[in-house]
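Engineer: Just need the structure, nothing else, for what follows:
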Amino acid sequence: MRPKTRLRRTLVWLGTLFVMAAICLPGAWVVFSAFRPNREILARPAIWWPEQFGLGNFMRMFGIGGEQIAIPVGSYFMNSLIIALTSTFVAVFIGMAGGYAFARFRFRGKNAIFLGLMLSRAVPGIALSLPLFMVWSRLGLIDTPLGLIIVYVAMNVPFTVWLTDGFFRQVPVEMSEAAQIDGCTRWQAFWRVEFPLARAGIASAGIFAFLISWNEYALASVLTRSTDSRTLPVGLMDFSAQFTIDWAGMCAMAVLIIIPALILTFIVQKHLIAGLTFGGVKG
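Structural biologist: Here you go, the predicted model:
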């Protein structure tokens with residue numbers, strides 16, 4: 001390898017390492033702060049490495065031990081889990097059907113409908129908070145899990161349609177036609193041939209839909225009022241009072257929010273290889 005090429009590659013690696021360190025530093029600070037007391041977080045000058053490293057913040061959050069906090073973390077967690085999983089399942093199901101329809105069928109107004117879906121996703125969610133609040137209050141959906149599920153499904157469907165449409169287009173239509181010639185129905189050809197080859201895109205759509213629903217704060221803070229429907233991101237504000245903020249408890253709950261997303265990503269990461277369709281064509 002030439003010296004110039006080696007130097008260029010080294011500089012690229014160092015630049016990448018610096019950028020990744022700058023990106024990961026806030027997250028690392030949150031994780032470290034979750035395992036140390038509040039006085040260390042507020043210390044001046046700043047204490048970069050924890051002097052007292054323990055699980056006290058998590059024990060207080062879950063009511064273990066003598067000191068407890070009056071925040072229903074368990075209810076918030078279950079609300080987030082139910083709302084995120086339900087909205088993800090519905091959005092992926094609708095998006096998969098819509099993506100397959102756009103990829104395989106011709107119908108009047110196809111391009112206009114697809115463009116309308118994409119433009120609807122371009123509208124920021126916070127801009128819809130006031131009209132949603134007015135409509136949901138009339139329908140009795142304020143402070144209900146169903147209200148948030150409907151909102152998150154509407155937010156995620158355009159993206160899942162767009163993503164699954166691209167993956168279904170990569171699956172050669174000849175494979176489905178060959179399966180139908182061999183005796184499969186259109187439905188069987190989809191589930192046995194096209195769906196396995198496009199599952200990378202479907203898994204990706206599911207991950208993104210889950211993360212959007214799991215981490216969304218702006219609309220959830222407007223449409224929820226009590227522990228019956230409040231999610232974990234909204235519950236973070238329970239650690240703030242009029243004059244003080246429990247940064248340690250807030251960081252501990254932030255770590256609790258991060259863990260399920262990381263677990264889900266690691267579980268389905270093997271399905272995120274977009275080249276599965278090419279392997280199907282070679283077979």
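Engineer: going forward, measure contacts and count neighbours with C-alpha atoms only.
Structural biologist: OK.
Engineer: any residues touching stretch 236-244, and which ones?
Structural biologist: If you take Cα atoms under 8 Å, 6 or more residues apart in numbering as the criterion, stretch 236-244 is touched by 71, 245-247, 249-250, 253-254.
Engineer: In helices, which of the residues you listed appear?
Structural biologist: If you go by DSSP state H, the contacts of stretch 236-244 have 247, 249-250, 253-254 in helices.
Engineer: out of the residues you listed, who's nearest Val92?
Structural biologist: Ala254 (26.3 Å; Cα to Cα).
Engineer: State the number of residues packed around the closest one.
Structural biologist: 19 (other Cα atoms under 10 Å).
Engineer: give the contact list for it.
Structural biologist: 30, 233, 236.
Engineer: what's the neighbour count on the last one?
Structural biologist: Leu236 is surrounded by 22 other residues when neighbours are defined as other Cα under 10 Å.
Engineer: likewise Gly15?
Structural biologist: Neighbours of Gly15 using other Cα under 10 Å come to 12.
Engineer: Also the one 10 residues further on?
Structural biologist: The tally of other residues near Leu25 (other Cα under 10 Å) stands at 12.
Engineer: and the helix or strand containing it, which residues are buried?
Structural biologist: According to DSSP states H and E, Leu25 maps onto helix 3-33. For helix 3-33, a neighbour-count test (16 or more other Cα atoms under 10 Å) marks 30-33 as buried.
Engineer: ditto for stretch 86-103
Structural biologist: Residues 86-88, 90-103 are the ones in stretch 86-103 that count as buried (16+ other Cα under 10 Å).
Engineer: Tell me the spatial nearest neighbour of Glu216, not counting adjacent residues.
Structural biologist: Pro233 (7.0 Å; Cα to Cα, 6 or more residues apart in numbering).
Engineer: right, and the helix or strand after the helix holding Leu25?
Structural biologist: Assigned by DSSP H and E, the successor of helix 3-33 is helix 38-41.
Engineer: roughly how far is that next one from the heart of the chain?
Structural biologist: Distance of helix 38-41 from its chain centroid, counting by Cα atoms, centre = their mean, to the nearest Å, is 30 Å.
Engineer: Next: stretch 9-17.
Structural biologist: Centroid displacement of stretch 9-17 relative to its chain, using Cα atoms, centre = their mean, is 30 Å.
Engineer: pLDDT averaged over that stretch, what's the number?
Structural biologist: For stretch 9-17, mean pLDDT rounds to 90.
Engineer: Tell me the one of the buried residues of helix 3-33 nearest Leu148?
Structural biologist: Using Cα to Cα, these come closest to Leu148 at Val30, 27.3 Å.
Engineer: rewinding a little: which one of the ones in helices among the contacts of stretch 236-244 is nearest to Trp13?
Structural biologist: Ala254 (30.5 Å).
Engineer: Could you measure from that closest one over to Arg8?
Structural biologist: As judged by Cα to Cα, to the nearest Å, Ala254 and Arg8 stand 39 Å apart.
Engineer: Can you show me the CA trace of the helix or strand harbouring Ile258 as CSV?
Structural biologist: Element membership for Ile258 (DSSP H and E) is helix 247-268. This file holds the C-alpha atoms of helix 247-268, laid out as CSV (Å, rounded to 0.1, in the frame of the first residue of the first chain):
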residue,chain,number,x,y,z
TRP,A,247,-31.5,14.4,36.6
ALA,A,248,-30.3,11.0,38.0
GLY,A,249,-33.9,9.6,37.9
MET,A,250,-34.5,11.0,34.5
CYS,A,251,-31.3,9.4,33.1
ALA,A,252,-32.3,6.1,34.7
MET,A,253,-35.7,6.2,32.9
ALA,A,254,-34.0,7.2,29.7
VAL,A,255,-31.8,4.1,29.9
LEU,A,256,-35.0,2.1,30.5
ILE,A,257,-36.4,3.6,27.3
ILE,A,258,-33.3,2.7,25.3
ILE,A,259,-33.0,-0.9,26.3
PRO,A,260,-36.1,-2.4,24.5
ALA,A,261,-35.2,-0.6,21.3
LEU,A,262,-31.6,-2.1,21.5
ILE,A,263,-32.9,-5.6,22.2
LEU,A,264,-35.4,-5.4,19.3
THR,A,265,-32.6,-4.2,16.9
PHE,A,266,-30.3,-7.0,17.9
ILE,A,267,-33.0,-9.6,17.5
VAL,A,268,-34.0,-8.7,14.0
